[in-house]
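[1] Fold the stuff below for me.
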Amino acid sequence: MSGQIYLWPFLAFLWFLGWSAGALAQETMSSTLVIQAAPPMEQAVNDTYVTARNPSRVYDAEPVLSIATGAAVLLRFDLSRLPKGAEVLNASLELWVEGRSAPAPLDVAVSLLTRPWDEEAAWLMALVGQPGKSLDAFEIRNRSGMLSRQALNKVGCWYRWNVTDAVREQLRAAFSEMILLMTAEGEDVEYYLASSEWRSVAQRPRLAVHYQWPKPSHAAGSLSVRVAQEDVLSLRFIYGRRRLGATPYNEETPVPKSSLASVIAPTPISAATPMPTSSSFSPSVPEETIVTSDPTPSSTSPKPSAETISSEPPALTSTSAPVSATMATALPSPIVQAKIEALWPSGPQQVSATVYLFSDAALTPPPCEWEPTVRLWGAGGNTPARMLTVGKKRMVEERGLRFPVWDFTGVDVSILGQMGEPMHFFATVDGMTTAHNVVSLGRDVRTLNVVEPMPVGLVQEVPSRVDAWISILWPHGGVPAQEAERANLTAILFAAGTRQAFPAAGFRPIVRLHWAINDATDGTGGRGIPGLPREVVQNGIRYIVWDFNNLDVRAARNPDNRMYFWLSVDGIETSSTVWVHSVDGRPILPIADLPTSSCPSNG
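    So this is what the prediction gives:
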């Protein structure tokens, strides 16, 4: 009897252990997988966009995805890193909105696309094996497969679309990838979304999938978990209350946009002259905003870890200054800043652009009543820039600010050269010294394989207009851009439209070099750095060139930076070539600024 008394507690203890192990074994573990074109998953995402206005053009390598009425975005995500049998709790498509062509909303829908597309997708051949069949005929009018819809009305933030059903459907069908189609309806406005080619890795398209593992068939003590390193997950096992959980490891590192504050001014003096040291610029970055297509998410729905990443690029100057009620009546100096804030292809051989003017580096807008002549210039390849058209002033309201902008609509760029060559654009203001930025279009905007221009004669008198050519930019030691610290640059002048150079014994004008980084304005404030004239003899012709030595080009070692160089000549109307020095040749999209004050509502 006494033996039975001791046996029952022991059997009960064994039963309890078995129940505990079984209960623990039946608990699931959950985690979040963020699929993004970032190391080591660079090939996990593919994207492009197609447009009816240019139905044969391929945009696969563009840094942005343009979405508008009559345009569509295609995205492909690799789902192979999800564990087999994973139960998807929720999934979201997350896209960074970098800019837009006008302050207007756009309704964007996401659908599951069942037909594949390839890297050469265009509007008239968006689907593999279907030449001549446009995306419009297949999917855009078929909204039955729409997953979620979102109204875009902001820039510089994330938007999220719920694609849970699509991920579940693909996994049930044992598909290793998911193809999504984005279409838009709304006003005449384009939104620019960061693509998988975007310079900031943290802002590229991403698919966040929250899932749980299938129930294990063994006790928790023998549970073995394997997670691929590229899943960007760190598992933390929590034993307690019979739970086994996992927490996501947040390892995304935003790539900040370079600013002029980190660049040293080039100096046209000997290499022996001491150079200033670089200053650092690391402003605080506000936490990013994510706009979701689900306005009432469940409080128990887990959020992907990527939401807490702050990846908005830092701005050179703050745009959060309080709005002033009045404006100055005159510019404080004869120098004005002209920034192309938006530039986009608007038709075959056409572009459109919007330019903001600022009175100073603090982004003070010009007087509201000012009516200057603002001109748009373009340079094709390595040829001197040409004036394209004059802008039209328009008052806009953006984020509580009212200020003037200048629009250039449907500008013909066929005069700039052959299609396929890079095109560089900038704006000037008549009667003012203009510190402008440069914005480029093309698959590779770098200046490559340049044939040095040679004179065929000499000017007999000082011309009223000159073509200023940057004939060579040579890094010290002949090292590639990713290794160069200093470089020399040589310029030559010709009478406009000729190859007549300036004679060595004649008038020597002051030639100035200007430069800018990415979409920032002229680093010299519009004043330029004077070059050193040097005599050259070629083919029996003695003429003058201008040297700019010991330029600091370290900024171009960062693949996210583009260094732009151009020329001006004192007292002579100048058309200059634009030289782009960088490691990566993909274009940089302008990031729109906001002025630090506002026009009166009736101004």
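
[2] list the helices and strands whichever strand or helix holds R534 packs on?
    Using DSSP states H and E, the element containing R534 is strand 532-538. Here strand 532-538 touches strand 541-552, going by 3 or more Cβ pairs under 8 Å, 6 or more residues apart in numbering; DSSP states H and E. Where C-beta positions appear, they are placed from N, C-alpha and C, glycine not excepted.

[3] Contacts for the helix or strand following the strand it packs on next, please.
    The helix or strand immediately downstream of strand 541-552 is strand 563-569, counting by DSSP H and E. Outside strand 563-569, the residues within contact range by Cβ atoms under 8 Å, 6 or more residues apart in numbering are 385, 424, 426, 437-438, 440, 466, 468, 470, 473, 489, 491, 493, 509-517, 528, 553, 555-556, 574, 576-582.

[4] helix or strand right after strand 563-569?
    As assigned by DSSP H and E, the chain's next helix or strand after strand 563-569 is strand 573-576.

[5] From the chain's centroid, how far away is the following helix or strand past that next one?
    Counting by DSSP H and E, the element after strand 573-576 in chain order, helix or strand, is strand 579-581. The gap between where strand 579-581 is centred and where its chain is centred comes out at 18 Å by Cα atoms, centre = their mean, to the nearest Å.

[6] can you check stretch 396-409 too?
    21 Å.

[7] in it, what's buried?
    For stretch 396-409, the buried set under the neighbour-count rule, 16 or more other Cβ atoms under 10 Å, comprises L401, R402, F403, P404, V405, W406, D407, F408.

[8] Out of the residues you listed, which comes closest to A592?
    V405 (9.9 Å; Cβ to Cβ).

[9] after the helix or strand hosting the closest one, next one along is what?
    Using DSSP H and E, V405 sits within strand 401-412. For strand 401-412, the succeeding helix or strand toward the C-terminus, using DSSP H and E, is strand 423-429.

[10] Partner strands of that following strand, with direction?
    strand 374-380 (antiparallel), strand 439-441 (antiparallel) (DSSP bridges).

[11] how big is the angle separating the first one from strand 401-412?
    With axes from the mean of the first three to the mean of the last three Cα atoms, to 10 degrees defining the directions, strand 374-380 sits at 40 degrees from strand 401-412.

[12] what does strand 374-380 contact?
    338, 353, 355, 357, 385-391, 393, 406, 408, 411, 413, 416-418, 421-430, 576-578.

[13] Quick one: mean pLDDT for the strand or helix carrying Y356?
    According to DSSP H and E, Y356 maps onto strand 350-358. Confidence for strand 350-358, expressed as mean pLDDT, is 93.

[14] could you say what helices and strands that strand packs with?
    Counting contacts by 3+ Cβ pairs under 8 Å, 6+ apart, strand 350-358 is packed against strand 335-347, strand 374-380, strand 401-412, strand 423-429.

[15] What strands flank the strand holding V405, and is each parallel or antiparallel?
    Partner strands for strand 401-412, per DSSP bridges, with pairing direction: strand 350-358 (antiparallel), strand 392-398 (antiparallel).

[16] Using PDB, write down the CA coordinates of that strand.
    C-alpha atoms of strand 401-412 as PDB (Å, rounded to 0.1, in the frame of the first residue of the first chain):
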ATOM      1  CA  LEU A 401       4.100  77.000 -47.500                       C
ATOM      2  CA  ARG A 402       3.200  79.200 -50.400                       C
ATOM      3  CA  PHE A 403       6.000  80.100 -52.800                       C
ATOM      4  CA  PRO A 404       6.800  80.600 -56.500                       C
ATOM      5  CA  VAL A 405       8.200  77.900 -58.900                       C
ATOM      6  CA  TRP A 406       9.000  78.000 -62.600                       C
ATOM      7  CA  ASP A 407       7.700  75.200 -64.900                       C
ATOM      8  CA  PHE A 408       9.200  73.900 -68.100                       C
ATOM      9  CA  THR A 409       6.700  71.700 -69.900                       C
ATOM     10  CA  GLY A 410       7.200  69.400 -72.900                       C
ATOM     11  CA  VAL A 411      10.700  70.700 -73.700                       C
ATOM     12  CA  ASP A 412      12.200  69.400 -77.000                       C
END
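
[17] That one to strand 335-347, inter-axis angle?
    Using the same axes, to 10 degrees: strand 401-412 against strand 335-347 is 50 degrees.

[18] got a list of contacts for strand 401-412?
    323, 341, 346-347, 349-357, 365-366, 368, 370, 374, 376, 378, 388-389, 391-396, 427, 594-595, 597-601, 603.

[19] ok so, going back, how about the strands paired with strand 423-429, which one is nearest E98?
    strand 439-441 (13.4 Å).

[20] Output the contacting helices and strands for the helix or strand just after that closest one.
    Under the assignment DSSP H and E, the closest C-terminal helix or strand after strand 439-441 is strand 457-458. If contacts are counted by 3+ Cβ pairs under 8 Å, 6+ apart, strand 457-458 sits against strand 500-501, strand 541-552.

[21] pLDDT below threshold where in this structure?
    Within the chain, the segments meeting pLDDT under 70 span 1-29, 40, 119, 125-145, 213-332, 418-420, 602-603.

[22] Isn't I492 up against S471?
    Yes: applying Cβ atoms under 8 Å as the test, I492 and S471 come out as touching, 5.3 Å apart.

[23] quick one: which of those two has more around it?
    Between I492 and S471, I492 has the larger neighbour count (other Cβ atoms under 10 Å), namely 25 against 18.

[24] what helix or strand does that one sit in?
    Counting by DSSP H and E, I492 is found in strand 486-495.

[25] Show me what that strand is in contact with.
    Counting by Cβ under 8 Å, 6+ apart, 271, 453, 455, 459, 463, 465-476, 500-502, 509, 511, 513, 531, 543-553, 565, 567, 569, 579, 581 sit against strand 486-495.

[26] What subset of these is buried?
    453, 455, 459, 463, 466-473, 475, 500-502, 509, 511, 513, 531, 543-553, 565, 567, 569, 579, 581.

[27] do you know how far W566 is from R542?
    26 Å (Cβ to Cβ, to the nearest Å).

[28] now E94
    Taking Cβ to Cβ, one finds E94 at 63 Å from R542.

[29] Which of these two has more residues huddled nearby?
    E94 (23 against 14).

[30] Which strand residues bridge that one?
    R160, R206.

[31] wait, it sits on C157?
    No: counting by Cβ under 8 Å, C157 is not a contact partner of E94; they are 10.7 Å apart.

[32] Present the strands paired with strand 423-429 as JSON lines; the columns should include distance to L124.
    Formatted as JSON lines, the strands paired with strand 423-429 follow (distance: least, Cβ to Cβ, whole Å):
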{"stretch": "strand 374-380", "distance to L124": "26"}
{"stretch": "strand 439-441", "distance to L124": "22"}
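
[33] Including mean neighbour count, could the ones you listed go into a markdown table?
    Listed next are the strands paired with strand 423-429 as a markdown table, based on neighbours: other Cβ atoms under 10 Å:
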| stretch | mean neighbour count |
| --- | --- |
| strand 374-380 | 23 |
| strand 439-441 | 22 |
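
[34] Please name whichever of the ones you listed is nearest to T114.
    strand 439-441 (33.6 Å).

[35] where's the closest one relative to the chain centroid, distance-wise?
    12 Å.

[36] who's in contact with G70?
    G70 touches T51, A52, R53, counting by Cβ under 8 Å, 6+ apart.

[37] ok, for the last one, nearest residue in space, not its chain neighbours?
    Right, R53. In space, and not counting its chain neighbours, R53 is closest to G347: 5.9 Å by Cβ to Cβ, 6 or more residues apart in numbering.

[38] and what of the first one?
    Sequence neighbours aside, A71 is the residue nearest to T51 in space, at 4.1 Å (criterion: Cβ to Cβ, 6+ apart).
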